[in-house]
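Asks: Structure for the following, please:
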Amino acid sequence: MEIKPGPLLSQINSPDDLKKFKEEDLPQIAFELRDYIIDLVSKKGGHFGASLGVVELTVALHYVFNTPKDQLVWDVGHQAYGHKILTGRRDTFHTNRIYKGLSGFPKRKESPYDAMGVGHSSTSISAALGMAVANKHKGELDTQHIAVIGDGAMTAGLAFEGLNHGGVANTNMIVILNDNCMSIDPNVGALKEYLTDISTSHTYNKVKDEVWNLLGKISKFGPNAQEIAARVENAVKHSLLKNSNYFESLQWRYFGPIDGHDTIRVKKVLEDLKDIPGPKILHCLTTKGKGYVPAEEGSPTTWHAPGLFNKETGEIVKVVPKTPQPPKFQDVFGHSIIELAEKNNKIMGVTPAMPSGSSLKFMMEAMPDRAFDVGIAEQHAVTFSAGLATQGLIPFCNIYSSFMQRAYDSVVHDVAIQDLHVVMCLDRAGLVGADGPTHHGAYDIPYMRCIPNMIVSSPMNETELRDLMYTGQLDKNAAPWVIRYPRGSGVMTDWKKPFKEIKVGTGRKVKAGEDLAILSFGPIGNLASDACKTLEEKGISAAHYDMRFAKPLDEVMLHEIFGKFDKVITVEDGCIDGGIGSAIVEFMADHGYASKVKRLGIPDRIVEHGSQKELYRECNYDAQAMVETAEVLFSKKAHTLAG
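Replies: Below you'll find the predicted structure:
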């Protein structure tokens, strides 16, 4: 069934079209925009609760500001569906997050209205500040710069750094704090408590409107009116809220909180703020899932990205398999760490704001005093883990591979140099699918294997993940560890087997062969097994080796391989440059072997979004690609593939 926009929304193909409507039309436009998002996501999937929560704000922003000249930066970006629909992408939005379709996040190459490409949290303030300083330098003083950031993202260090700089940069900038008490999971920490204090102070909220009205009429009171109004406002804040000076101590003017779902009110406030110079913060109170009762009343985590659902009933569509299915790797981690922690009292769990995504939530429920959600703070998560390790504990620090990029200095400075026993579990390693390039875990193999003292491993299946976790927590293997594994499910239904130690730096022969060898790292090895079967049918006998460790390499096994095979294929769900294939070629060169080696993995370019299957095909390392590569190695063109 075709999804059609409402009568007003159907007339809007750009913010200029939106501005043709009267102010009193804005609530109806917001209603139609919300309904259109509900219709689309219920049928096509995608992020949901966050976009519904900022519908009124989105309409008001594009009505008041002159985008794209005025620079609008969305933090993270999963809340920007309404923004995309209002900026010329309504009729193609059904391709959102689909291979070759629209990105699920703002993207500069996609539209001039996407001022900054985003996907990770807490970048908006720094980016908007850079734009503001640049336009000030160019003399474009009438350009507005707006960063929309959630209260979860505001807890991260990068947001503070942007605020700290922005307070003294004297630029034309507005930060809109979209406060819904959630990121993906509930927010944690002192800043969350501070914002709650502001938003729930009845005395403050009773008085602040009078101050706001005074500020809105500054021009009528003469040259000293702004100073007088500011003094009144500050006196009210300081007397009614003990801690209200957090933002203003950083020299940002604080306004709010206001109801972020009152379109007319938000519009009028934004118009007022345009005329107030300097850095400003507008605190908007919103509700994730606003306007759709099941999302408002249900779990915000569930409705963050619910998949397909019945719009009328709110029932999430779940395909019930007829046979038992393999678990997700994240759930294998989540259940296995509890088993290990029950036997080893030194084990602790740490994650930066991803207890559901990493499945550390199971340990947080079972052992709340030994599992920590530290907020959107990857660098802190690693250094906090290092601190635990200095006192003889064994932290399992679970961070998505792409998010670990933000903590790299902590990995080197606080863990590796001091040779501390921290087990870093990198979830979402490899190509993740529809979330696209900001979330692909493409780079962790090179950036981890180059660090001294580091052990870098990856399991081929669920049982190996359990065994690597068991091995990593043993005192005799105390060292900085990496265990990387992908988004999605494994291959085993009977996976919960007794733990076994894997000797560090050893791989295993999965299948014997005579003609060539395929060396795989991680779960992509299951596709290598499929390729070996196809090659057998084609008369090519391929041996298959599961490397398990990118560092240290199994040199005994590699001597065996290069002593026997003159044709070798390496495959990894990570970037080719600097990955395990490169490590193997380095070993070959260092030891005087001269086999023909073809490395398969993520190429040296930015890979866009699509399903994992589609992207493996595009990047030429699915089972079919392995078969084709083997066939070419046996053809007359083999000499062109070396290296």
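Asks: Please make it C-alpha for all contacts and neighbour counts, starting now.
Replies: OK.
Asks: contacts for the longest helix seen in the chain?
Replies: Longest helix in the chain, counting residues (DSSP state H): helix 26-44. By CA atoms under 8 Å, 6 or more residues apart in numbering, the surrounding residues in contact with helix 26-44 are 3-6, 8-9, 47-48, 51-52, 55-56, 59-60, 81-82, 94, 262-264, 291-292, 307-311.
Asks: For PyMOL, write the selection for the buried entries among these.
Replies: In PyMOL syntax, the buried subset of these is picked out as below (16 or more other CA atoms under 10 Å):
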select buried, resi 5+8+9+47+48+51+52+55+56+59+60+81+82+94+262+263+264+291+292+307+308+309+311
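Asks: List the ones among the contacts of helix 26-44 that fall in helices.
Replies: Taking DSSP H as the definition of helices, the contacts of helix 26-44 contribute 51-52, 55-56, 59-60, 81-82, 263-264.
Asks: now those residues in TSV, with distance to Leu527?
Replies: Shown next, in TSV, are those (distance: CA to CA, whole Å):
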residue	distance to Leu527
Ser51	37
Leu52	39
Val55	43
Glu56	47
Val59	47
Ala60	49
Tyr81	35
Gly82	39
Thr263	52
Ile264	55
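Asks: now those in CSV, with pLDDT?
Replies: Output for the ones in helices among the contacts of helix 26-44, formatted as CSV (pLDDT from 0 to 100):
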residue, pLDDT
Ser51, 94
Leu52, 96
Val55, 97
Glu56, 98
Val59, 98
Ala60, 98
Tyr81, 97
Gly82, 97
Thr263, 97
Ile264, 97
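Asks: Which one of those residues is nearest to Lys100?
Replies: Tyr81 (17.4 Å; CA to CA).
Asks: before we move on, the earlier item: widest-spaced pair of the ones in helices among the contacts of helix 26-44?
Replies: Tyr81 and Ile264 (20.6 Å).
Asks: hang on, Ala543 in a strand?
Replies: Yes. Assessed by DSSP: H, G, I helix; E, B strand; the rest coil, Ala543 belongs to a strand.
Asks: mind checking how far it is from Leu519?
Replies: Note on Ala543: its distance to Leu519, by CA to CA, to the nearest Å, is 8 Å.
Asks: Which of those two has more residues huddled nearby?
Replies: Shown here are Ala543 and Leu519; by other CA atoms under 10 Å, Leu519 has more neighbours (28 against 22).
Asks: Can you classify that one by secondary structure?
Replies: strand.
Asks: all helices of the stretch 201-350 of the chain, in order?
Replies: With helices called from DSSP state H, counting those that start in this stretch, the stretch 201-350 of the chain shows them at 202-216, 225-240, 263-274, 293-297, 329-343.
Asks: Neighbours of His137, how many?
Replies: 10.
Asks: From Asn170, how far out is it?
Replies: 12 Å.
Asks: can I get the CA coordinates of stretch 41-49 in PDB?
Replies: C-alpha atoms of stretch 41-49 as PDB (Å, rounded to 0.1, in the frame of the first residue of the first chain):
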ATOM      1  CA  VAL A  41       8.800   3.200   9.800                       C
ATOM      2  CA  SER A  42       6.000   0.800  10.600                       C
ATOM      3  CA  LYS A  43       6.300  -0.600   7.100                       C
ATOM      4  CA  LYS A  44      10.000   0.000   6.300                       C
ATOM      5  CA  GLY A  45      11.800  -0.100   9.700                       C
ATOM      6  CA  GLY A  46      14.400   2.300  11.000                       C
ATOM      7  CA  HIS A  47      14.900   4.600  14.000                       C
ATOM      8  CA  PHE A  48      11.600   5.600  15.500                       C
ATOM      9  CA  GLY A  49      11.200   7.100  19.000                       C
END
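Asks: and that stretch, what's its mean pLDDT?
Replies: The average pLDDT for stretch 41-49 rounds to 94.
Asks: now swap in stretch 279-287 and tell me
Replies: 94.
Asks: contacting residues around it?
Replies: By CA under 8 Å, 6+ apart, the list of residues contacting stretch 279-287 reads 53-54, 166-167, 170-180, 199, 247, 251-261, 273, 296.
Asks: And the helices in the stretch 51-200 of the chain, which stretches?
Replies: According to DSSP H, counting those that start in this stretch, the helices that the stretch 51-200 of the chain contains are 55-64, 81-84, 124-137, 157-169, 190-200.
Asks: okay, the angle between the fourth one and helix 124-137?
Replies: In terms of direction (axes from the mean of the first three to the mean of the last three CA atoms, to 10 degrees), helix 157-169 departs from helix 124-137 by 30 degrees.
Asks: can you give me the mean pLDDT across helix 157-169?
Replies: Mean predicted lDDT for helix 157-169 stands at 94.
Asks: ends of stretch 541-561, how far apart?
Replies: Stretch 541-561: ends 14 Å apart by CA to CA.
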